[in-house]
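> let's see this in three dimensions:
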Amino acid sequence: MQEPVVLLPGMMCDARLFAHQVTSLSADHAVTVAPVTQGERISEIASGLLSVLPAKFALAGLSMGGIVAMEILRKAPDRVTRIALMDTSPLAETPEGAAAYEPMIVGARAGRLQEVLSGFMKPDYLAPGVHRGAVLAQMIEMGMDLGPEILVRQARALQRRPDQQKTLRQCRAPAMVLCGEHDGLTPLKRHSFMAELIPHAELRVIAGAGHLPVLEQPDATTKALRDWLKMPLVLR
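Just a heads-up that it's a prediction; the model follows:
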C-alpha cells in the first residue's frame, strides 16, 4: 500500500463526486474523501481536517476542495507529500464575488435550496453534450442532501477566502494543476497561471470536460490522478 490519498470535494458536494476515483485508486492506496463542511472560514476547515488526517498524505481538491487544499498546504507543508489542484483558484474573492453569495444565503435560509443550487451550477460551466443534464442533476442531489446550513457555512468561508499565490510559490511537493477544457467557472487561463506559480507543477487539461471533470470525464481524470501519484518526490 502506497501513500494515503485525501480527496476534497467542491461546494455542496460529498463523496459521490469522486466515486470513480475512489473505486480505482483504492486498489493500491488508502483513499479518504474528507468533507469541507465544518467551519465558516477556510482556515477553520483546514485546521479541523489536519487534526484527523494521516501524518503524511497526497492531497487532491476540486473547486472549493482545492481552495481548502491550498490552505492545508500553507499550514502543514511537511505533511503534504504531493498536491493536485483541480478546477479551482488561488485568488481571494473579489468584493463583487463575495456579494454574489448573499442571495444564495438568503434563498437557502428561506427554504429555496433547490432553486439556489440550480442557479449556482450553471450549464455553461460544464462541457457541452448529452451528459450535462445528468451531471447537473447529480450536483443538485448532493447539495439537497447536505442541506441549507452547509451552503451558508461554505458560502461564508468562500467569501473570506485568502489569496494563496505565496503558498503556491513556496510549494516543493510534486504538483498537478488539472482543468476541464470547457470550465466556464475557473477557466483554463487561471490554471495556466497557477501552474506557473508552482515549482515542479504539471498542467493537465481534460478534453470534453468543464468544471467537474471527475464526473464528466471520469476515466481521463482518474488516469491523470494516477500519473500524478507516480510523479517522483522532490528533494526539499
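> contacts, neighbours, all on C-alpha from now
Will do.
> what helices and strands are in contact with the helix or strand encompassing L158?
Using DSSP states H and E, L158 sits within helix 148-159. If contacts are counted by 3 or more Cα pairs under 8 Å, 6 or more residues apart in numbering; DSSP states H and E, helix 148-159 sits against helix 95-109.
> tell me the helix or strand right after the helix it packs on.
Downstream of helix 95-109, the next assigned helix or strand under DSSP H and E is helix 113-120.
> distance from the chain centre to that following helix, please.
When C-alpha coordinates are averaged (Cα atoms, centre = their mean, to the nearest Å), helix 113-120 and its chain have centres 19 Å apart.
> which helices and strands does the helix or strand following it pack with?
Sequence order places helix 132-146 as the next helix or strand after helix 113-120, per DSSP H and E. With contacts defined as 3+ Cα pairs under 8 Å, 6+ apart, helix 132-146 has these neighbours: helix 113-120, helix 213-216.
> between the ones you listed, which one is closest to P9.
helix 213-216 (10.2 Å; Cα to Cα).
> quick check: mean pLDDT of the closest one?
In this model, helix 213-216 has an average pLDDT of 97.
> quick one: list the elements packing against that helix.
Secondary elements touching helix 213-216 (3+ Cα pairs under 8 Å, 6+ apart): helix 132-146, helix 218-229.
> JSON lines for these, including distance to L158?
JSON lines is the format used below for the helices and strands packed on helix 213-216 (distance: least, Cα to Cα, whole Å):
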{"stretch": "helix 132-146", "distance to L158": "16"}
{"stretch": "helix 218-229", "distance to L158": "25"}
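> what pairs with the residue most central in space within the chain across the strands?
The centroid of the chain falls nearest to L62 when counting by Cα atoms, centre = their mean (1.7 Å). Taking DSSP bridges as the rule, L62 bridges to M86.
> can I assume it is in contact with T88?
Yes - here L62 lies in contact with T88, judged by Cα atoms under 8 Å, at a distance of 6.2 Å.
> quick one on the thing from earlier: looking at the helices and strands packed on helix 213-216, which is closest to H211?
Taking those one by one with Cα to Cα, helix 132-146 is closest: 10.6 Å.
> just the residues contacting the closest one, thanks.
For helix 132-146, contacts defined as Cα atoms under 8 Å, 6 or more residues apart in numbering pick out 12-14, 16, 113-114, 117-118, 121, 123, 126, 215-216.
> again, only using 7 Å
Helix 132-146 is contacted by residues 12-14, 114, 117-118, 123, 126, 215 when judged by Cα atoms under 7 Å, 6 or more residues apart in numbering.
> give me the buried subset of those.
The neighbour-count test (16 or more other Cα atoms under 10 Å) marks 12-14, 114, 117, 123, 126, 215 as buried among these.
> domains of this structure?
Listed by automatic domain parsing, the domain ranges of the chain are 5-91+162-229, 95-155.
> tell me the mean pLDDT for the shortest one?
Pointing back at domain 95-155 there. 95.
> about what we covered before: just name the most buried of the domains of the chain.
domain 5-91+162-229 (a mean of 20; mean count of other Cα atoms under 10 Å).
> just the endpoints, please. Distance across it?
Using Cα to Cα, to the nearest Å, the end-to-end distance of domain 5-91+162-229 comes out at 9 Å.
> number the chain from 46, please
Right, with 46 as the first residue, what we last looked at is domain 50-136+207-274.
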